[in-house]
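In: got a sequence here, can you model it:
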Amino acid sequence: MVEPKGKKTALVTGAAGALGSALVEHLMQAGWDCIAVDRNRRGLEQLHDRLAAEGDAPLVVPLDLAGAGPQHFDELAASLEDRFGR
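Out: This is a model prediction of the structure:
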């Protein structure tokens, strides 16, 4: 987790599952920025749409960490920079 300038950020893996999505929702309600990572693209889209309808939505990153290589993590870092400016 990164905490620049007092804003807390969490990267949640397994975010499309029941526990992961509940954690993302809880953190977002508490004012955190969230990055939701899961290999289940459809589940991530559903999470994003549900939370966006309630207000704010996490950055969703469809990614299978087991098969991820350096290029995937470079893309993740670029997405974080684009969304959060850090």
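
In: helix or strand with the lowest mean pLDDT in the protein?
Out: Sorting the helices and strands of the chain by mean pLDDT, DSSP states H and E puts helix 70-84 at the bottom, at a mean of 91.

In: can you pull the buried residues of that helix?
Out: 76, 80 (16 or more other CB atoms under 10 Å). Where you see a C-beta, it was placed from the backbone N, CA and C, and this is true even at glycine.

In: what about residue 14, how many residues nearby?
Out: 18 (other CB atoms under 10 Å).

In: residues contacting the residue nearest to residue 83 when sequence neighbours are not counted?
Out: Distances taken as CB to CB, 6 or more residues apart in numbering put residue 59 closest to residue 83, at 4.8 Å, once the chain neighbours are dropped. Going by CB atoms under 8 Å, 6 or more residues apart in numbering, residue 59 touches 33, 34, 35, 36, 79, 80, 83, 84.

In: tell me the bridge partners for residue 59.
Out: Per DSSP bridges, the residues bridged to residue 59 are residue 35.

In: turn the contacts of residue 59 into JSON lines, including distance to residue 72.
Out: Below are these laid out as JSON lines (distance: CB to CB, whole Å):
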{"residue": "33", "distance to residue 72": "20"}
{"residue": "34", "distance to residue 72": "19"}
{"residue": "35", "distance to residue 72": "13"}
{"residue": "36", "distance to residue 72": "16"}
{"residue": "79", "distance to residue 72": "11"}
{"residue": "80", "distance to residue 72": "13"}
{"residue": "83", "distance to residue 72": "17"}
{"residue": "84", "distance to residue 72": "18"}
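
In: point out where the chain drops to low pLDDT.
Out: For the chain, applying pLDDT under 70 flags the ranges 1-6.

In: now, among the contacts of residue 59, which is nearest to residue 26?
Out: residue 34 (9.6 Å; CB to CB).

In: isn't the closest one up against residue 10?
Out: Yes: here residue 34 lies in contact with residue 10, judged by CB atoms under 8 Å, at a distance of 5.4 Å.

In: could you pull out the helices for the chain?
Out: 18-29, 41-54, 70-84 (DSSP state H).
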